[in-house]
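> sharing a model that was predicted from the sequence below.
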Amino acid sequence: MSRRDKLTGIFADTSRELAAANFAENDAGRILAGPVRTMGLALDRMDQEARELQAALEAGEKVVELDPASIDGSFIRDRLDGDPGEDSELLRSIEENGQEVPILVRHHPDLQGRYQVAYGHRRLRAARILKRKVRAVVRPLSDDQLVVAQGIENTARKDLSYIERAIFALGLESHGFTRDVIMQALSTDKTELSKLLSVAKAIPSLLVKAIGSAPSAGRRRWMALADKIADPKVMEGVRLAIGKPGFETLESDERFMIVLAEATRKPKAEPTFNEWKPDGTNVAAKIKNNGKATTLSLMATGTDHGFGTYLMDRLEDLYADWKSKQEN
C-alpha cells in the first residue's frame with residue numbers, strides 16, 4: 001500500500017471515528033429502529049468507530065476552538081422538526097463537564113472565514129446556547145465525505161424517523177450523489193435505499209411538512225400512505241384533513257395517523273337510482289340504493305291509484321318469498 005493510500009485510510013477512519021463519538025456518549029444502549037439489515041450495518045460501523053476514536057486523536061488530529069457563529073449547517077437538510085428539550089441532557093453535561101468530544105468541520109467551500117459542520121450538530125447547538133466556543137477538528141472534506149459523515153451521525157440519533165431518512169436520501173440524490181455514497185451515508189443497502197427513495201418521491205412535500213417527522217411511523221405505514229395517495233380523490237381528502245382547524249397543534253405521530261386513516265378510509269358508496277314505469281299505465285316507482293339502504297317511492301294515480309294498497313297488502317308475502325330464495 002502506498003503512503004498516499006495509508007494517509008487516505010487514516011483520514012477516512014478519523015472522520016468515521018469522530019462521528020461515532022458524537023453520538024456514543026448519550027446514545028449508548030439505544031436500539032435503532034428500522035429493518036434489521038440496516039440496524040446491523042449501523043451497529044457494526046459504530047462499534048468499529050468507537051474502538052478507533054482514541055487512536056485517531058492520538059495520531060495527530062489537532063483540536064481547535066471555534067466561534068459557533070462562524071459554523072454553518074450542512075447543505076443537505078436532514079431534519080423536519082425537533083423537540084426543543086431533546087438536547088437538555090447533553091447541554092447539562094457540557095455545561096458541567098465541558099465538551100469532551102470535538103465536532104468535525106470543513107472550511108466553507110464558498111464563504112471565506114466560515115466553516116460547515118459535518119457532524120456534531122447537537123454539540124454545536126449546545127455551544128451556541130451556552131455562548132461558548134466549540135472544540136472542533138477541521139478537515140478538508142469533499143461533499144461526498146461530508147454527507148457520509150452527516151449520515152453516520154444521523155443513523156444513530158435516537159429520534160431519526162423513517163420519513164427523515166427518506167427525505168435525506170432524496171436530497172442527496174437531487175444533489176447528484178451516487179447511490180453508493182447515499183448507501184454509505186444512510187448505512188443501508190440497495191433494496192432499502194430504493195424503498196426510501198420511492199416513499200420520498202411519492203409523498204408530496206406539503207404533506208411531509210404538514211405531518212412532520214412522525215417518529216413512530218415506520219416503513220410499512222409510509223409505504224401504505226404513498227400507495228393510497230396516488231389516487232387523486234384520496235389525496236384531495238387528505239388535503240382537506242390536514243387543513244382542518246387544530247391539525248397543526250397535534251403531535252406529529254397523531255397527525256400521521258389522521259392522514260393515514262383518511263387515506264385508507266373506504267370511500268362512501270355513490271347511490272344508484274333506478275326507475276320503473278310500465279308503458280300505458282299510471283304507475284311509476286323510483287328506487288334509490290346507497291349500498292346500505294334501499295328507498296322505494298311509488299306513484300299510482302288515475303285508474304291505477306289502488307295499486308299502492310294492493311302492494312302494501314302483499315309486502316309480507318313478497319318478503320317471505322325473497323327471504324326463502326336468499327336462504328336457498
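Looks like it arrived, so ask away. Residues are numbered from 1 along each chain as shown.

> tell me where the stretch 101-250 of the chain has helices.
Secondary structure of the stretch 101-250 of the chain (DSSP state H, counting those that start in this stretch): helices located at 121-130, 143-155, 162-174, 179-186, 190-202, 205-211, 219-228, 232-242.

> got those as CSV, with distance to D321 and mean pLDDT columns?
From N, CA and C alone the C-beta is placed, and that goes for glycine too. Formatted as CSV, these follow (distance: least, CB to CB, whole Å; pLDDT from 0 to 100):
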stretch, distance to D321, mean pLDDT
helix 121-130, 76, 90
helix 143-155, 69, 80
helix 162-174, 57, 91
helix 179-186, 67, 90
helix 190-202, 52, 95
helix 205-211, 53, 93
helix 219-228, 43, 95
helix 232-242, 40, 94
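
> tell me which of those helices lies nearest to D67.
helix 121-130 (9.1 Å; CB to CB).

> any stretches of the protein with poor pLDDT?
Counting by pLDDT under 70, the ranges of the chain that qualify are 1-61, 78-87, 154-160.

> show me how this structure divides into domains.
By the record's domain assignment, the chain is partitioned as 3-159, 272-327 (automatic domain parsing).

> related to what we said a few turns ago, want to throw the helices of the stretch 101-250 of the chain into JSON lines with distance to I76 and mean neighbour count?
JSON lines is the format used below for the helices of the stretch 101-250 of the chain (distance: least, CB to CB, whole Å; neighbours: other CB atoms under 10 Å):
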{"stretch": "helix 121-130", "distance to I76": "12", "mean neighbour count": "19"}
{"stretch": "helix 143-155", "distance to I76": "6", "mean neighbour count": "24"}
{"stretch": "helix 162-174", "distance to I76": "5", "mean neighbour count": "23"}
{"stretch": "helix 179-186", "distance to I76": "9", "mean neighbour count": "20"}
{"stretch": "helix 190-202", "distance to I76": "13", "mean neighbour count": "18"}
{"stretch": "helix 205-211", "distance to I76": "15", "mean neighbour count": "17"}
{"stretch": "helix 219-228", "distance to I76": "20", "mean neighbour count": "18"}
{"stretch": "helix 232-242", "distance to I76": "26", "mean neighbour count": "15"}
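
> let me have these in a markdown table, adding distance to L111 as columns.
Below are the helices of the stretch 101-250 of the chain laid out as a markdown table (distance: least, CB to CB, whole Å):
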| stretch | distance to L111 |
| --- | --- |
| helix 121-130 | 17 |
| helix 143-155 | 15 |
| helix 162-174 | 21 |
| helix 179-186 | 23 |
| helix 190-202 | 29 |
| helix 205-211 | 27 |
| helix 219-228 | 36 |
| helix 232-242 | 37 |
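
> closest to H108 out of the ones you listed?
Comparing the helices of the stretch 101-250 of the chain under CB to CB, the one sitting nearest is helix 143-155, at 11.1 Å.

> ok, the residue most central in space within the chain - contacts?
Centroid-nearest residue in the chain: I163, 1.5 Å away (criterion: CA atoms, centre = their mean). Applying CB atoms under 8 Å, 6 or more residues apart in numbering, we find I163 in contact with 80, 199-200, 203, 208, 211, 213-214, 217, 222.

> please apply the same query to V259.
Each residue near V259 by CB under 8 Å, 6+ apart is listed here: 207, 210-211, 225, 238, 241-242.
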